[in-house]
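Asks: Turn this into a model:
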Amino acid sequence: MDLILDIETIPAQRIEVLDMFVEDAEADKLAVKAPSNYKDPEKIAEYIAAKCVEIDLAVSEKYRKTALDGTFGQICVIGYTYGDKDPVTIYKQDKWEDEAYVLHEFFSDLALLFNPSDRFKFIGHNIVGFDLRFINQRAVVCGIKPPAWFPVNPRPGSEFVFDTMTEWAGWGNRISLDRLGRALGLGGKGEFNGSMVWDAVCNGEIKRVAEYCAEDVSLTRDIYKRMNFL
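Replies: Numbers count the residues shown, from 1 in each chain. Okay, here's the model as predicted:
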């Protein structure tokens, strides 16, 4: 069985991680000093205030980028499909930060779908470099054990995975799902994109994020079929 997979991720939500970013920002602000040629107290205060704003912006950007790092970022939606089934999305409408729930439900679904003795393949776009690694990292953090046959650190070309990005662009190269879909005449991803996920979640639009995930799953399946002449 072939399983097409995609995940949507958000920045860190655990309080100890958030505290770490706050502490870093405060330490950087305390170290700010005006140049020695500044003598006017008002100018010195303006300089320090401006630098503190820059620090806050830099820390905010650094925080948002944790969504791309399984060490701190979290999964808010997992989408998958197999065969010609409609994509399934796993998320929690009223408590989107409950990552353990999402992982537990996903692994439970896999246990029902797969017979460990069968040959199966995980398919996704950048699934080797991102999705599978992120899932495994977050499973460790959350203490949710994956099935024994779930791929850990697979390599491109492995019989257990098919990465549409690396199969098309080559190992170490990149092509976006949107660009590849358009190149193959299968359409792109629409107006919503991955950079909008966190803002959408903050605005209470987790369902829209899940719909976006399902759209990516469907497009990945179409690309996989085209690349394999299916």
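Asks: longest helix anywhere in the chain?
Replies: Under DSSP state H, the helix in the chain containing the largest number of residues is helix 41-64.
Asks: for that one, which positions count as buried?
Replies: Y47, K51, C52, I55, V59, Y63, R64 (16 or more other Cβ atoms under 10 Å). To be clear about C-beta, it is placed using only N, CA and C from the backbone, and glycine gets the same treatment.
Asks: What ranges does this structure have for its strands?
Replies: 2-10, 74-82, 88-90, 121-124, 161-163 (DSSP state E).
Asks: In JSON lines: the ones you listed, plus distance to M196, mean neighbour count and mean pLDDT.
Replies: Below are those laid out as JSON lines (distance: least, Cβ to Cβ, whole Å; neighbours: other Cβ atoms under 10 Å; pLDDT from 0 to 100):
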{"stretch": "strand 2-10", "distance to M196": "10", "mean neighbour count": "23", "mean pLDDT": "96"}
{"stretch": "strand 74-82", "distance to M196": "13", "mean neighbour count": "24", "mean pLDDT": "97"}
{"stretch": "strand 88-90", "distance to M196": "17", "mean neighbour count": "20", "mean pLDDT": "98"}
{"stretch": "strand 121-124", "distance to M196": "20", "mean neighbour count": "22", "mean pLDDT": "94"}
{"stretch": "strand 161-163", "distance to M196": "24", "mean neighbour count": "23", "mean pLDDT": "95"}
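Asks: Need those in TSV (columns: distance to S36).
Replies: Below are the strands of the chain laid out as TSV (distance: least, Cβ to Cβ, whole Å):
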stretch	distance to S36
strand 2-10	43
strand 74-82	44
strand 88-90	57
strand 121-124	55
strand 161-163	54
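Asks: got the end-to-end distance for stretch 154-173?
Replies: 17 Å (Cα to Cα, to the nearest Å).
Asks: next one: that stretch to chain centre, how far?
Replies: Mean-position distance between stretch 154-173 and its chain equals 18 Å (Cα atoms, centre = their mean, to the nearest Å).
Asks: Tell me which residues are up against that stretch.
Replies: 2, 119-129, 132, 151, 174-175, 177, 180, 220, 223-224, 227 (Cβ atoms under 8 Å, 6 or more residues apart in numbering).
Asks: again, only this time at 10 Å
Replies: 2, 4-5, 119-133, 136, 149-151, 174-177, 179-181, 183-184, 219-224, 226-228 (Cβ atoms under 10 Å, 6 or more residues apart in numbering).
Asks: what about burial for those residues, which qualify?
Replies: By 16+ other Cβ under 10 Å, the contacts of stretch 154-173 give 2, 4-5, 120, 122-128, 130-133, 136, 150-151, 175-177, 180-181, 219-224 as buried.
Asks: Inside helices: which ones of these?
Replies: L132, R133, N136, L177, L180, G181, L219, T220, R221, D222, I223, Y224.
Asks: Go through these and say which is closest to D84.
Replies: R221 (8.5 Å; Cβ to Cβ).
Asks: Find me whatever residue is spatially closest to the closest one, sequence neighbours aside.
Replies: I4 (4.7 Å; Cβ to Cβ, 6 or more residues apart in numbering).
Asks: cool, and F107?
Replies: P146 (5.6 Å).
Asks: What's the local residue count around that neighbour?
Replies: Look at P146: counted by other Cβ atoms under 10 Å, it has 18 neighbours.
Asks: so it sits right up against V152, yeah?
Replies: Yes. Counting by Cβ atoms under 10 Å, P146 touches V152, with 7.8 Å between them.
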